[in-house]
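> structural data only, the sequence is not supplied:
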């Protein structure tokens, strides 16, 4: 997640907290800060959102790693009394990060496909969003597969296949981001 200082130092404004800063209530639709931004700024924001997602994925990975103090496996193996509030809080924070990033990515896609008339760039953003959904679902399944206590057995072949799927999805995400950056430069 981008910190307040990093966000303030950034040339591209962050949408998070816009309602509080503008005095618009959360239920009202605040004016979207990207409406008149150059395409380059939209692409830069997509990259910032990807960085936020990457950090959220690292937090999910921390939940899965047995050596982590908050680790998912350690939590399950710790037995009663479980520290469920801490685990739940971390999962909730990560979920909120993913949801906020997804909303903003979808808004950028809508801006590119609609008012900006950039269907190629919009398709890259749409592909990115679909790949991130695949990645998140696969990582969540991997997290469950890593807990034989829940599944009854450990399936190393399926686990390996899922890990390979995550790797291939991450490679595809990198390619889409490169295509987006290249095609955005051509569009300006």
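That came in fine, so what should we check first? Predicted model only: the values in this text are computed from it and were never measured. Numbers count the residues shown, from 1 in each chain.

> what packs against the single longest helix found in the chain?
Ranked by number of residues, the top helix in the chain under DSSP state H is helix 156-187. On a contact count with 3 or more C-beta pairs under 8 Å, 6 or more residues apart in numbering; DSSP states H and E, helix 156-187 meets helix 39-64, helix 119-145. For glycine as for every other residue, the C-beta is placed from the backbone atoms N, C-alpha and C.

> quick one: mean pLDDT for the longest one?
In this model, helix 119-145 has a mean pLDDT of 92.

> got the contact list for residue 115?
Contact partners of residue 115, counting by C-beta atoms under 8 Å, 6 or more residues apart in numbering, are residue 35.

> per-residue confidence for it?
pLDDT, residue 115: 86.

> angle of the longest helix of the chain against helix 119-145?
Relative orientation of helix 156-187 versus helix 119-145 (axes from the mean of the first three to the mean of the last three C-alpha atoms, to 10 degrees): 160 degrees.

> for residue 185, the count of nearby residues, please.
By the criterion of other C-beta atoms under 10 Å, residue 185 has 11 neighbours.

> picking that back up, would you turn the helices and strands packed on helix 156-187 into TSV with distance to residue 88 and mean neighbour count?
Shown next, in TSV, are the helices and strands packed on helix 156-187 (distance: least, C-beta to C-beta, whole Å; neighbours: other C-beta atoms under 10 Å):
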stretch	distance to residue 88	mean neighbour count
helix 39-64	11	18
helix 119-145	14	18
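
> which one, of those helices, ends up nearest to residue 100?
Set against residue 100 and scored by C-beta to C-beta, those come closest in helix 39-64, at 8.0 Å.

> helix 119-145 and the closest one, what's the angle between them?
Here the directions of helix 39-64 and helix 119-145 differ by 0 degrees (the same axes, to 10 degrees).
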